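Colleague: sequence-free structure coming up:
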């Protein structure tokens, strides 16, 4: 199973800077270990307020119990609270496609920003079933095209929440908006977008 975890750290007042530095160093080392074990997949920083210390992580574990063991093994957990969202498979997830076009190599694409989007689908009442079927099929085709272009990286369902989560890559928010508007189901979807910035312990950076 995969899980999205929002991790919020609050360092106690009067904690010596040396203690903070020590835990951060041990956290980085533990993150490398968890990535090597296949438990830590990605780390990002969402938009932050001044003084805020918050991280988004994508984790893999057999179940919630194993995930708790993984999170509990991270040194920063002594100062951190975690909000866990279990993720389920999405039929259009590029990771489920065994054969799909590869995005062309491009320095510009390499430095593109990443975004998380939360989708809520509401089909208008009275819409013919055939229309729903046609738009859903068109959505799958368009997602495959965007995956081949390197724009959509992953898609999941958010278990128990009736929503979907997407990981996207675009040059900026304006390009992402254009991409999202190109989806056949866009007029039935409300979404929330979270711009992401690099995290120094992100396995995607460490492995480069």
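Modeller: Everything's here; your move. Note that the coordinates shown come from a computational prediction; the quantities given were computed from them, not determined experimentally.
Colleague: and residue 205, how far is that from residue 44?
Modeller: Computed as C-beta to C-beta, to the nearest Å, the residue 205 to residue 44 distance reads 11 Å. Quick note: C-beta positions are derived from backbone N, CA and C, even for glycine.
Colleague: More neighbours: these two, which one.
Modeller: Summary of the neighbour comparison: residue 205 and residue 44, criterion other C-beta atoms under 10 Å, with residue 44 having more neighbours (20 against 12).
Colleague: Show me the shaky parts of the protein.
Modeller: When residues are selected by pLDDT under 70, those of the chain lie in 98-111, 206-208.
Colleague: can you do 80?
Modeller: 97-111, 160-161, 206-208 (pLDDT under 80).
Colleague: Would you map out the domains in it?
Modeller: The record's domain split for the chain, according to automatic domain parsing, is 2-87, 89-197.
Colleague: chain center to the last one: distance?
Modeller: Taking C-alpha atoms, centre = their mean, to the nearest Å, one finds domain 89-197 lying 12 Å from the centre of the chain it belongs to.
Colleague: what do you get for the shortest one?
Modeller: Between the centre of domain 2-87 and the centre of its host chain there is 15 Å, according to C-alpha atoms, centre = their mean.
Colleague: first vs last residue of it, how far apart are they?
Modeller: Using C-alpha to C-alpha, to the nearest Å, the gap from the first to the last residue of domain 2-87 comes to 5 Å.
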